[in-house]
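Asker: sequence unknown, structure follows:
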Ligand SMILES: Cc1cc2nc3c(=O)[nH]c(=O)nc-3n(C[C@H](O)[C@H](O)[C@H](O)COP(=O)(O)OP(=O)(O)OC[C@H]3O[C@@H](n4cnc5c(N)ncnc54)[C@H](O)[C@@H]3O)c2cc1C
């Protein structure tokens, strides 16, 4: 009982980075316990094409659950299948704390009758316990909890566990869903995609985020220019900005927005209100630009620039372009 199950999240038939991150986190636990990582991939016909990528990122076995009832997220059927599979002899199951994962993970824990650790940013294994850290009280504290329940249910914060490629290919097996996925009481009939050309905030290694200090919506062009110079960056925003309609609500980061943990987070004209920090304080490196040297954002920043964001952003963009040339 040292194998760990990972939920290989997909959307629109495509494997999400969140799924690979769940495998990466499951690998940490399985390696410490001397077990294997088994990923479960749900979808319609043809979804098995993603098994190779899961194997290449650390899944020893990929179970493919194909059914027309998995066209959209189907939390009831997915959680029932995952819980039944875990009962078959696993030490735990790992999911991403994404919108989909948040819908599925508590259902799995409830079906198994165990507690869960949610939005986990790091974990270690000692004896029979899995010790997890995660932000609590809207990010005011980092809590450390040890799960001793067996099996363990863990959801990991997007960006906290980096997918790692290995040379191995995982074995692929088919798995029958528990019950009839088409008969779920919860039916997602449509998924409306946002701007699909944009990098997803939960998956981008770099986020350039803007606040009210940018003065007006048009100045977000400076934020977009810096993101474009990086090439692998997404644009985020504070709630002050999304409430004012400068940016879509899907860009909002924080307590009531997206939770992110990129490698680099650049906060441009953002004060650092606790509700904003709740969504980004676990970023690996934080750079803040603010004209007020006492702005709270500087308390959590690794690098701070005191000055006018409207003049600093074009300079940074040119510097990044030069470094990338
Ligand atoms: C229940 C609840 C939930 C919330 N959820 C969220 C959430 O999810 N996400 C979120 O972001 N907020 C959230 N908020 C709002 C939050 O409290 C703040 O109001 C918001 O984050 C502030 O956004 P801001 O930093 O853009 O604006 P401000 O707080 O107005 O800060 C603007 C900053 O820009 C600086 N500045 C001004 N001009 C310049 C310049 N020229 N150059 C450089 N710096 C400049 C200022 O010094 C200031 O620090 C929530 C609030 C509540 C009550």
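Answerer: The structure has been received and is ready for your questions. Computed from a prediction, not measured in an experiment: that's the story for all the values here. Numbering: from 1, shown residues only.
Asker: Spatially nearest residue to residue 20 (excluding sequence neighbours)?
Answerer: Using CB to CB, 6 or more residues apart in numbering and skipping the chain neighbours, the partner closest in space to residue 20 is residue 163 (3.6 Å). C-betas here are computed from N, CA, C, even on glycine.
Asker: Which secondary structure state does the one you found sit in?
Answerer: The three-state assignment at residue 163 reads coil, by DSSP: H, G, I helix; E, B strand; the rest coil.
Asker: Helix or strand: which one has residue 22?
Answerer: Using DSSP states H and E, residue 22 sits within helix 17-33.
Asker: helix or strand right after that helix?
Answerer: Past helix 17-33, the next helix or strand by DSSP H and E is strand 37-43.
Asker: got the angle for that next one vs helix 17-33?
Answerer: For strand 37-43 against helix 17-33, the angle by axes from the mean of the first three to the mean of the last three CA atoms, to 10 degrees is 160 degrees.
Asker: what does the very next helix or strand once past strand 37-43 contact?
Answerer: Going down the chain from strand 37-43, the next helix or strand is helix 51-56, by DSSP H and E. Residues from elsewhere that reach helix 51-56 (CB atoms under 8 Å, 6 or more residues apart in numbering): 8, 15, 19-20, 23, 39, 41, 62, 64, 165-166, 168-172.
Asker: make it 10 Å
Answerer: 6, 8, 15, 19-20, 22-23, 37-41, 59-64, 163-173 (CB atoms under 10 Å, 6 or more residues apart in numbering).
Asker: What subset of those residues is buried?
Answerer: Buried by 16 or more other CB atoms under 10 Å: 6, 8, 15, 19-20, 22-23, 37-41, 59-64, 163, 170, 172, out of these.
Asker: ok, and of the residues you listed, which contact the ligand?
Answerer: Under the cut-off given by CB under 6 Å from any ligand atom, the ligand has nothing from the buried ones among the contacts of helix 51-56 close to it.
Asker: quick one: is stretch 274-294 near the ligand?
Answerer: Yes: Stretch 274-294 is in contact with the ligand by CB under 6 Å from any ligand atom, via 275-276, 279, 289-292.
Asker: Filter these down to the buried ones and hand me the ChimeraX line.
Answerer: Applying 16+ other CB under 10 Å to the residues of stretch 274-294 next to the ligand leaves a buried subset, and the ChimeraX line that selects it is:
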select :276,279,289,290
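Asker: Which two of the residues of stretch 274-294 next to the ligand have the greatest separation?
Answerer: 279 and 291 (22.7 Å; CB to CB).
Asker: which secondary structure elements does the host helix or strand of residue 266 contact?
Answerer: Taking DSSP H and E as the definition, one finds residue 266 inside strand 264-268. For strand 264-268, the packing partners by 3 or more CB pairs under 10 Å, 6 or more residues apart in numbering; DSSP states H and E come out as strand 206-210, helix 220-230, strand 233-237, helix 274-280, strand 285-290, helix 297-300, strand 303-306, helix 309-324.
Asker: do that strand and the ligand meet at all?
Answerer: No: applying CB under 6 Å from any ligand atom, one finds strand 264-268 separated from the ligand by no less than 7.3 Å.
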